[in-house]
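J.: Prediction below, plus the sequence it came from.
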Amino acid sequence: MRKKWSGLALAFVALVFSAAAYAVPPTAEILSYACAGCHGTNGASAGPSMPSLAGQSKVFFIDAMKKFKSGERSGTVMTRLVKGYSDEQIVAMADFFAKQKPAAQTTAVDPALVAQGKVVYDNACKRCHLENGKEFEEDTPVVAGQWLKYLQIQMGEFRDGKRKISEKKAEKVKSLTAAEWEAAAHFYASQK
Amino acid sequence: MTMERRNFLKLLGAGAGVATLGLAGCATTNKAGARKVVVIGGGYGGTIAAKYLRMQDPSIEVTLIERNDHYVSCPFSNLYIGGLMPDLSSLTIKYDQLAANHGIKVVQAEVTGIDAKAHIVKTSAGDFPYEKCVVSPGIEFRTNEIKGYDDQIMPHAWKAGPQTVLLRKQLEAMKPGGTVVLSIPLAPYRCPPGPYERISMIAMYLKQNKPGSKIIVLDANPDIVSKKGLFLKGWKKHYQGIIDYRPAKKVTEVDNKNMTVLIEGIEEVKGDVINIIPPQKAGAIAHIAGLVGADGKWCPVRSFDFESRNHPDIHVIGDSSIAGAMPKSGYSANSEAKVCATNIVAMMNGRKMTEMSAINTCYSYLSAKEAVSVTGVYRVNASSQAIEAVPGSVGVSADLSETEAMYAESWIKNILVEMST
């Protein structure tokens, strides 16, 4: 009888601690699913001012999160939310989104501006934003196929100095006019 | 080895694949419900639970049961009340695409009960056996705490749809120089910053359309519940002299004929339009199914998979659940649904569960072009097992912001597309 009671006590202890013991730390999926409320299912954004994360460069994603965390990149909700994640968790999310199929958005673009934007791209952007912005290299993001509104907001921040421009980028883009930035945004948004 | 010990170890083994021994011990054999999950409620929580169950394991048969053939989002419905939207169509979703894209069986029916022991959901369209059940019923009102309350005369507009339209029509019909009275219940209630966004939107409407009008706010809480500094700043900037905010004023009775409300049975306040947001509790089905806790209001759940503390294999998500530090919001329900679905899939496949990680982001509009936000990342505390905010992740905007209003528009678009496709 006594043995039976000790067994029950043991069972109770196991019951109390089992939750932690049988659960693994948050996986890349469970961490990344939470982002979809703003960035769309699996990072394919349906909102014009919200970037798609699907198919984004892993290196760029990690770099962007680090900059939000340190305050180097200005933001709204991201500078706060990023503080909820460890460096390892950010890497796991970067990996998850890099593996997702890039989203196809449906922004209406101005064909004349797209043509002008192509010229801007060839002169100022091409060396880093490969393949019309479809390919990434190191910390250069995929920009092709992002929503026009999002591109306009970000380019506006570069132009106004709100978002810091890397040295190699600054050299190329410092002489661009507002009209040229706008044309480049239309060009990137037109890329599928 | 004694018999008891051997049995105990066997029991331990059986429990290893799932969460607790209790779960393995209580599971009822119900062959008809095997590999079936029934989701109740087609709002912010239910649609996402159904979708993420099927996304992660298409071998599970998922049935989504919802009373209506559509759902109107409460988030953003304040903008319609303020006159920033012509109608509620952009906030309304249907279920056909969600059903087709993910192979979810959508049934339009009224749930009449859950037989937790037999694992059967009872509805107006028949019985639905299940292995796991997800309940996401939103809120119900504790109207018994406001004597004489009639939502056709003093709308709550806290469930979007005809009530929202009624409140806007009443505002449109009000004479210039009129008085709007808005009452806020004691927290916790659905959407902590929601009432203060509504005050802002109504004040904006009055300023533009009904000169000389004002809004008297009777807040049962001792102070503004959420984003206080930002709301006060916005009200000062845009609605000086229009908003009369009165804290610690609990409405306990109404007089529909004389259009007055009574505070604690004594103080009388008269209005031309009266918007009563009544105190709240878990959705009706949670009460019928015995999922409500000792407080008689909300549903206690296990923090990492939202399984009911009252009945095994029934999970409660969204506004109805007691989710620790997470606020009762649309984003919370979305995030909780994913955690719940992921761990149900793990359990049904004999895999280890995953610790929860969830987000909340809530935007509130202060004017036609400015919004503010509150954020938080949530996890389970390893020692207490309660849901807590990750330090540093909780915070509000630095100021009123036009950029945040743009992001808010994209947020509503994304989250409604996520729910309906």
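T.: Here it is on my side, so go on.
J.: can you list the domains in chain A?
T.: In the domain annotation for chain A, the residue ranges read A:28-98, A:111-190 (automatic domain parsing).
J.: and the shortest one, does that touch chain B?
T.: Yes - where contact is defined by CB under 8 Å from any CB of the partner chain, part of domain A:28-98 touches chain B, namely A:29-31, A:33-41, A:45-50, A:76-77, A:80-81, A:83-85, A:89. In short, each C-beta sits where N, CA and C put it, glycine included.
J.: same check, this time on the longest one
T.: Yes - looking at domain A:111-190 against chain B by CB under 8 Å from any CB, the contacts come from A:149, A:153.
J.: what's the spacing between that domain and its chain's center?
T.: Computed by CA atoms, centre = their mean, to the nearest Å, the separation of domain A:111-190 from the middle of its chain amounts to 16 Å.
J.: What's the mean pLDDT across that domain?
T.: Throughout domain A:111-190, pLDDT has a mean value of 91.
J.: End to end on it, go ahead and measure it.
T.: As for domain A:111-190, its first-to-last residue distance stands at 9 Å under the measure CA to CA, to the nearest Å.
J.: for the shortest one, same thing?
T.: For domain A:28-98, the separation between the terminal residues is 12 Å (CA to CA).
J.: pLDDT (mean, whole number) over that domain?
T.: Mean pLDDT, computed over domain A:28-98, is 96.
J.: So what would you say the end-to-end distance of stretch B:47-64 is?
T.: Distance between the two ends of stretch B:47-64: 8 Å, counting by CA to CA.
J.: mind listing what's buried in it?
T.: Of the residues in stretch B:47-64, those scored as buried under the neighbour-count criterion (16 or more other CB atoms under 10 Å in any protein chain shown) are B:47-57, B:60-64.
J.: what's next to it, contact-wise?
T.: By CB atoms under 8 Å, 6 or more residues apart in numbering or on different chains, the residues outside stretch B:47-64 that reach it are A:29, A:33, A:41, B:35-39, B:42, B:46, B:71, B:93, B:95, B:98-99, B:102-107, B:128, B:134, B:136, B:317, B:333-334, B:337-338, B:340-342, B:344-345, B:348-349, B:418-420.
J.: Filter those residues down to just the ones in helices.
T.: When DSSP state H is applied, the contacts of stretch B:47-64 are split such that A:29, A:33, B:46, B:98-99, B:102, B:333-334, B:337-338, B:340-342, B:344-345, B:348, B:418-420 fall in helices.
J.: how about B:A371, phi and psi?
T.: Note on B:A371: backbone dihedrals following degrees, to the nearest 10 are phi -140, psi 170.
J.: Is it bridged to anything, and to what?
T.: According to DSSP bridges, the residues that bridge with B:A371 are B:Y365, B:S401.
J.: What number of residues are in the vicinity of A:E135?
T.: Other residues within reach of A:E135, judged by other CB atoms under 10 Å in any protein chain shown, total 12.
J.: My understanding was that it contacts A:P141; is that so?
T.: No - A:E135 sits out of contact with A:P141 when judged by CB atoms under 8 Å, with a separation of 10.4 Å.
J.: Please name the residues that touch the residue most central in space within chain A.
T.: Using CA atoms, centre = their mean, the residue of chain A that lies closest to the mean C-alpha position is A:L53, 4.4 Å off. Under the criterion of CB under 8 Å, 6+ apart, the contact partners of A:L53 comprise A:35, A:39, A:43, A:45, A:61, A:97, A:100.
J.: what's the spacing between it and B:R198?
T.: Separation of A:L53 from B:R198 (CB to CB, to the nearest Å): 32 Å.
J.: got the contact list for the residue nearest to B:R198 when sequence neighbours are not counted?
T.: The shortest distance from B:R198 to any non-neighbouring residue, by CB to CB, 6 or more residues apart in numbering or on different chains, is to B:N78 (4.7 Å). The neighbourhood of B:N78, defined by CB under 8 Å, 6+ apart, consists of B:194, B:197-198, B:200-201, B:365.
J.: I'd like to know how many residues surround B:K159.
T.: 19.
J.: nope, B:K236 is what I meant
T.: Using other CB under 10 Å, B:K236 has 10 neighbouring residues.
J.: picking that back up, kindly state which of the domains of chain A is positioned closest to B:I114.
T.: Judged by CB to CB, the one of those that comes nearest to B:I114 is domain A:28-98, at 26.6 Å.
J.: hang on, A:D95 packs against A:K58?
T.: Yes - taking CB under 8 Å as the definition, A:D95 is a contact partner of A:K58 at 6.1 Å.
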